[in-house]
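Visitor: model the structure of this input:
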Amino acid sequence: MKLGLGFVGILLAAATHPAGAGERMFMKVTPAVAFAPANLIVRAVVEADADNRAIAVVAESEDFYRSSEIQLDGDHAPRTSTFEFRSLPPGKYNVRAMLMGRSSEPRVTLQQQVNVMASGASDR
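Guide: You can find the predicted model right below:
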């Protein structure tokens with residue numbers, strides 16, 4: 001009997017939380033490792049929602065900062081937004097994407113680390 005109730009509980013949990021449900025945004029940054037000067041492409045895929053107002057993306061290292069923001073038209077906005085950061089100098093970057101709502105507060109914040117390595121021969 002306990003086994004049957006446990007199985008029913010698992011089925012109910014799986015039915016109410018399908019894989020990937022509830023994720024408002026997904027982010028992919030390419031490449032994860034590059035040589036300077038690097039061009040990074042950030043793709044943000046957003047679930048359609050009337051409260052979506054903007055996506056802000058930041059690429060930040062110890063010595064460098066660059067950001068970009070686009071406005072969204074709620075549930076009429078395109079699902080995928082692409083950002084390109086060109087000619088990034090060497091450094092370990094924290095790339096963040098923030099989905100903003102009506103109150104201008106982030107609804108979702110995602111981040112990924114990127115390593116931009118110096119190109120050329122090392123000092124000998």
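
Visitor: and for the closest residue to residue 117 other than its chain neighbours, the neighbour number?
Guide: Leaving aside its sequence neighbours, residue 117 sits nearest to residue 35 (C-beta to C-beta, 6 or more residues apart in numbering; 5.5 Å). Quick note: C-beta positions are derived from backbone N, CA and C, even for glycine. Residue 35 has 12 neighbouring residues, counting by other C-beta atoms under 10 Å.

Visitor: the one 5 residues further on now?
Guide: By the other C-beta under 10 Å criterion, the neighbourhood of residue 40 contains 22 residues.

Visitor: can you pull out the helices in this protein?
Guide: 2-16 (DSSP state H).

Visitor: so what's the most centrally placed residue in the chain bridging to?
Guide: The chain has residue 27 as the residue nearest its centroid, 2.9 Å off, counting by C-alpha atoms, centre = their mean. Taking DSSP bridges, one finds residue 44 as the beta-bridge partners of residue 27.

Visitor: show me what contacts the residue nearest to residue 117?
Guide: By C-beta atoms under 8 Å, 6 or more residues apart in numbering, the residues touching residue 35 are 116, 117, 118, 119.

Visitor: just how off-centre is the strand ranked longest in the chain within its chain?
Guide: The residue-count maximum for a strand in the chain (DSSP state E) belongs to strand 106-117. Centre-to-centre, strand 106-117 and its host chain are 6 Å apart (C-alpha atoms, centre = their mean, to the nearest Å).

Visitor: quick one: strands adjacent to it?
Guide: strand 33-35 (parallel), strand 91-100 (antiparallel).

Visitor: quick one: contacts of the last one?
Guide: Under the criterion C-beta under 8 Å, 6+ apart, residues 24-25, 27, 29, 40, 42, 44, 46, 52-64, 106-116 lie in contact with strand 91-100.

Visitor: tell me the average confidence for the longest strand of the chain?
Guide: Averaging pLDDT along strand 106-117 yields 97.

Visitor: give me the contacts around it.
Guide: Around strand 106-117, the neighbours that count as contacts under C-beta under 8 Å, 6+ apart are 24-27, 29, 31-36, 38, 40, 51-52, 59, 61, 88-101.

Visitor: at 6 Å instead, please
Guide: With C-beta atoms under 6 Å, 6 or more residues apart in numbering as the test, strand 106-117 has contacts from 24-25, 27, 29, 32-36, 38, 88, 90-101.
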